[in-house]
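J.: predicted structure and sequence below. I'll ask about it afterward.
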Amino acid sequence: MRSLVVLPEDRPCAPCAPSQPPARPKGYCRPLPPARRKPRSVLWRRLKWVLLGAALIGLSGGSGYVWFKTDLPAQVRLAVQDMAGEAGATVDMRLGEVNLQGRVHAPLEALAEAVGVERGDPMLSLDLDAIRRRVEGIGWVRQATVWRQLPDTLHIEIVEREAFARWQIDGRVYLIDTIGKVLEEGDRPEFHHLFLLVGAGASDKAHDLLDMLGREPVLASRVVNAIRVRGRRWDIEFDNGIVARLPEENPEQAWSRLIELERQYGLLRRDIKTVDLRLEDRLTVQLNPDAESPVPKAGPGRKPAGKRT
């Protein structure tokens, strides 16, 4: 019997091929498709970005505070400065000019000594914070700002204190501001228009005195000296030599009494030497010894009585 031979043209074509997949062997288990994750809500996604932003802001803010408000360890800072100095020297960035702004009365010699740099120093090795602290240590300087302008300029901007009065103690005269900070020693002619505080403790009470005198600016402009007596109270001397003695307790109230007396009676325009306001219920006035005694006006003359007739 002849064997069955299937010729190529007799083979079933693709459309005629069975559409069902071949049977799988017994025990075969088809793997399940991976489970699809449930999408999270829009609120959760927004909350996640908000929390991430808050964390970044807190981290950057904390880093900035540590950087600007605290001092780095000395060894690390010195190492960085040494490396920066070598780098600055390598690229030839050296100090060529110091630009100072805001100076009016501060001595140039003291400022130059406080800055303490020389032409040719490596720009990147300059300790700006140390320069600022030394400059602010000068009495006149209230605030200093120091920054570099590469390649060769150092900028220093200062804000000066305002001279308030002269303070005399132990035979020396100092310039002070409103809080009693000593600006410099010496009695410079350009500050002779400021009134003089005399005695121990006068500089510490300068601010309180300024507030009290400011109640009557016109009268305060006539004050030339303020003497601190035994560190407890004030004697105020005016431009015409009259001295007002204020009490230890409530000097503001006594000063207000003096203002009222001046307005009503022109007390400080009279020929007197002192006005004692230390007692609340009375006023004592001492006349000037050189003042002439007032001559009383003569009353109308009485006619002699005539003889009776």
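T.: Arrived safely. Residues are numbered from 1 along each chain as shown.
J.: can you pull out the low-pLDDT segments for this protein?
T.: Low-confidence segments of the chain (pLDDT under 70): 1-45, 61-92, 290-309.
J.: in it, which spans are strands?
T.: 97-101, 141-149, 153-160, 165-169, 172-176, 182-185, 196-198, 223-229, 233-238, 243-245, 272-276, 284-287 (DSSP state E).
J.: between those, which gets nearest to Met212?
T.: strand 233-238 (8.6 Å; CB to CB). Glycine gets a C-beta too; all of them are placed from N, C-alpha and C.
J.: partners of that closest one, with directions?
T.: strand 223-229 (antiparallel), strand 243-245 (antiparallel) (DSSP bridges).
J.: how about residues contacting the last one?
T.: Contacts of strand 243-245 with the rest of the structure, by CB atoms under 8 Å, 6 or more residues apart in numbering, involve 233, 235-238, 258, 273-278.
J.: need the strands paired with strand 233-238 in a markdown table (columns: mean neighbour count and distance to Asp152).
T.: Formatted as a markdown table, those follow (neighbours: other CB atoms under 10 Å; distance: least, CB to CB, whole Å):
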| stretch | mean neighbour count | distance to Asp152 |
| --- | --- | --- |
| strand 223-229 | 18 | 50 |
| strand 243-245 | 19 | 59 |
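J.: now tabulate these in JSON lines and tack on distance to Glu136.
T.: Converted to JSON lines, these look like this (distance: least, CB to CB, whole Å):
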{"stretch": "strand 223-229", "distance to Glu136": "29"}
{"stretch": "strand 243-245", "distance to Glu136": "38"}
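J.: closest one to Arg215 among these?
T.: Short answer: strand 223-229, nearest of the strands paired with strand 233-238 by CB to CB, at 12.3 Å.
J.: now do the domain split for this protein, please.
T.: Annotated domains of the chain cover 79-160, 165-287 [automatic domain parsing].
J.: can I get those in JSON lines with distance to Ile57?
T.: As requested, the domains of the chain are arranged in JSON lines below (distance: least, CB to CB, whole Å):
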{"stretch": "domain 79-160", "distance to Ile57": "26"}
{"stretch": "domain 165-287", "distance to Ile57": "38"}
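J.: quick one: contacts for Tyr174?
T.: 166-168, 182-186, 203.
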